[in-house]
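this one's sequence-less:
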């Protein structure tokens, strides 16, 4: 039996599932239908062909992912083998903003007085 030639394209839902952008094939298909997957900046239906060199932008629960296709796979494999089939171009997340600790009042102390409220506002960095 002769070996079949490698595919020239793969379905968008199958490829995004195979490289582990989505946990299930049905989740990948639903994301395509909802417009959360774009191939070369065009909305992708589940059957949209993905080819080597294409840029895939996927909105996942973990945030937006931008990947460039370097290999075509249809079956889900280990994460290390899947990583060989794409080049991740996702920008790093912005640094988390430092926030002041919440101001806690003693239980049963009632509403803050005008003076206490002004002090609290100053601590939060708001003008009074």
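Cool, the structure landed. In this text, all values refer to a predicted model and were calculated from it rather than measured experimentally.

for residue 90, which residues are in contact?
63-67 (Cβ atoms under 8 Å, 6 or more residues apart in numbering). No exception for glycine: its C-beta is placed from N, CA and C like everyone else's.

if you set the cut-off to 6 Å instead, what comes out?
When contacts are counted by Cβ atoms under 6 Å, 6 or more residues apart in numbering, residue 90 touches 65-66.

just to be sure, residue 118 is in a strand?
No: counting by DSSP: H, G, I helix; E, B strand; the rest coil, residue 118 falls outside a strand, being helix.

from residue 80, how far off is it?
58 Å (Cβ to Cβ, to the nearest Å).

neighbour count winner among these two?
For the pair residue 118 and residue 80, the greater number of neighbours falls to residue 118 (12 against 7), based on other Cβ atoms under 10 Å.

how about stretch 9-26: buried residues?
10-22, 25 (16 or more other Cβ atoms under 10 Å).

oh sorry, the question was meant for stretch 108-121
Buried, per 16+ other Cβ under 10 Å, within stretch 108-121: nothing.

and what of stretch 33-42?
36-39.

how far is it from where the chain is centred?
On the basis of Cα atoms, centre = their mean, to the nearest Å, stretch 33-42 sits 13 Å off its chain's mean C-alpha point.

what do you get for stretch 99-107?
Distance, centroid of stretch 99-107 to centroid of chain: 33 Å (Cα atoms, centre = their mean).
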